[in-house]
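In: A predicted structure for the sequence below; I have some questions about it.
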Amino acid sequence: MRSMLMSDRSRLVALWLLVTALMVFGMVVVGGATRLTDSGLSITEWKPISGAIPPLSHEAWMAEFTKYQQIPQYKLLNRDMDLEAFKSIFWWEWGHRQLGRLVGTVFAVPFFALLVLKQIPQRLIWRCWVLLGLGGLQGLVGWWMVSSGLSKRVSVAPERLTTHLGLALILFCALIWTALEAWNGQGRAANRSRWPLAAAGLALFVYVQSLMGALVAGNDAGLVYNDWPLMNGALFPKDYFAAEGFWLFHAQAAVQFNHRIGAYLLFAAALVFAALVSRSREVAPATKGLGVLMAVLVTGQACLGIATLIWRVPLSLGVLHQAGAALVLGAGVCLAWRARRA
C-alpha cells in the first residue's frame, strides 16, 4: 500500500514542471517586451534549428537587415532605421525565440529521461504528452502570428497575437496544475461544495481578461484614451465601432473599453470571493488564504494597469503589467486546484 501511495506522486517531477512553468512565465514577459519594442517582425524567417545561431559577421547582419527591409513595417515606419537600430530589435526577437527553444529542451529532455526511468506517476504521463504537444503547437502558432505582419501589415494581427498569448497561458496553467498533482498525489475525494466552481470561474475570468489585454496590446490601444476613469472625458468612447475589420478585435476604443470593464468586474469578483470564502466554515484555511491573496494581486494589477495607461505604456510598466497578469493567473490556478480538494 505504501509503495502504491509513493508511486502516485513525485516531487522530482513536480519541481521539473514548476521550473518549466517559471520559464514559460519568462517567455510571456519577454514576449511582452518584444511586442512593446516592435521587435517581433525583425526576423522574417522561421528556422527552428539553424535560427538558434545569430548573425556572426557584418555580412550576415546585412543579410538579415536586407530581409527586414522588404516588409511593410520597414518601408512604412522605419525607413530611417540603420543597422545598429535593427540589431536592437533583432536581439529582442531572437532572445524570445531562443528562450522558446530552451523551454522545449528543458521540458523534452527530462520528460523522456523520466519516462524511461519510470519516475513519472502513471496517471500523469498522458498529461505530460499533452504538455509536450502544446509546447510544439506554440512554436507553430508563433510563426503563424509573425507571418501575418510580413506582407500587408506593419504589425502582427491582434487576433493572432491574442491566440499566441492565450496558448502560452494555457500551457503555463497546465504546467502548474500538473506540478501540484505530482507534488501532492491524487486527492482522496473531490470537494462537492460550491467553492471549486467559483474558484475555477475566477481563474477563467482572469484568463479572459488577459486575452482582452492582448487585444489592447495588439492594437496599440494603450496609446489612446489615456485619461481615467473617463475616456477622453466620456463614459463611452464615440468611436467604439470604428475599425478596419471586425471592430471587436480591431477598434482601439472597443478593445480598451472592454478591457477596462473587464478589470472592474474582475476586481469586484475577486473582492466578493475573498470576503465570502473567508467567512465560510466549509473551506480549508489554505483556500481562504489563496482567496485573499487573489484579491490583493488583482487590486495591485488594477492599479498597475491604470498607471500603465496614464503614462502611455512605458516599457517598464507594460512589461510589469503583462507579468502581473500571468502572476494573477498562476495564483488563480493554485486557488482553483486547492478549492477542488476536499
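Out: Yep, that arrived.
In: Was I right to think residue 86 contacts residue 65?
Out: Yes - counting by Cβ atoms under 8 Å, residue 86 does reach residue 65; the two are 4.9 Å apart. C-betas here are computed from N, CA, C, even on glycine.
In: report the longest helix in the protein, please.
Out: helix 83-116 (DSSP state H).
In: Mind listing what's buried along that helix?
Out: For helix 83-116, the neighbour count (16 or more other Cβ atoms under 10 Å) marks 86-87, 89-94, 96-100, 103-104, 106-107, 110-111, 114 as buried.
In: Kindly report the same for stretch 263-276.
Out: Those would be 263, 266, 267, 269, 270, 273, 274, for stretch 263-276 by 16+ other Cβ under 10 Å.
In: for the first one, what are its contacts?
Out: It stands for residue 263. Counting by Cβ atoms under 8 Å, 6 or more residues apart in numbering, residue 263 makes contact with 209, 302, 305.
In: if you look at those residues, which of them are in helices?
Out: Among the contacts of residue 263, the members found in helices (DSSP H) are 209, 302, 305.
In: hmm, which of those residues are the buried ones?
Out: 209, 302, 305.
In: From start to finish, how long is stretch 28-44 in a straight line?
Out: 21 Å (Cα to Cα, to the nearest Å).
In: per-domain residue ranges of the chain.
Out: 1-186, 188-342 (automatic domain parsing).
In: Next one: residue 307 from residue 103, what distance?
Out: Plainly put, residue 307 is 30 Å away from residue 103 if you go by Cβ to Cβ, to the nearest Å.
In: mind checking which helix or strand residue 14 is in?
Out: helix 11-36 (DSSP states H and E).
In: in the host helix or strand of residue 199, what's buried?
Out: In this assignment (DSSP H and E), residue 199 forms part of helix 195-218. Across helix 195-218, burial judged by 16+ other Cβ under 10 Å covers 195-196, 198-200, 202-203, 205-207, 209-218.
In: cool, and stretch 137-155?
Out: Taking 16+ other Cβ under 10 Å as the criterion, stretch 137-155 shows 138, 139, 141, 142, 145, 146, 148, 149, 150, 155 as buried.
In: same thing with stretch 248-260?
Out: Neighbour-count burial for stretch 248-260 [16+ other Cβ under 10 Å]: 249, 250, 251, 252, 253, 254, 255, 256, 257, 258, 259, 260.
In: that older thread, so can I have TSV of the buried ones among the ones in helices among the contacts of residue 263 showing distance to residue 188 and pLDDT?
Out: Shown next, in TSV, are those (distance: Cβ to Cβ, whole Å; pLDDT from 0 to 100):
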residue	distance to residue 188	pLDDT
209	34	98
302	37	97
305	40	98
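In: Ramachandran angles for residue 57?
Out: phi -140, psi 170 (degrees, to the nearest 10).
In: That one - how many residues pack around it?
Out: Neighbour count of residue 57, defined by other Cβ atoms under 10 Å: 8.
In: gap between it and residue 63?
Out: 9 Å.
In: hang on, the earlier thing: show me which of the buried residues of stretch 248-260 is closest to residue 183.
Out: The shortest approach to residue 183 among the buried residues of stretch 248-260 belongs to residue 259, at 34.3 Å (Cβ to Cβ).
In: Pull the contacting residues for the closest one.
Out: Residue 259 neighbours (Cβ under 8 Å, 6+ apart): 209, 212, 213, 215, 216, 221.
In: can you rerun that using 10 Å?
Out: Neighbour list for residue 259: 209-217, 221-222, 305, 309 [criterion: Cβ atoms under 10 Å, 6 or more residues apart in numbering].
In: measure the nearest residue to it once chain neighbours are set aside to residue 218 for me?
Out: Distance criterion Cβ to Cβ, 6 or more residues apart in numbering; nearest residue to residue 259, sequence neighbours excluded, is residue 212 at 4.5 Å. Distance, residue 212 to residue 218, by Cβ to Cβ: 11 Å.
In: Perfect, that will be all.
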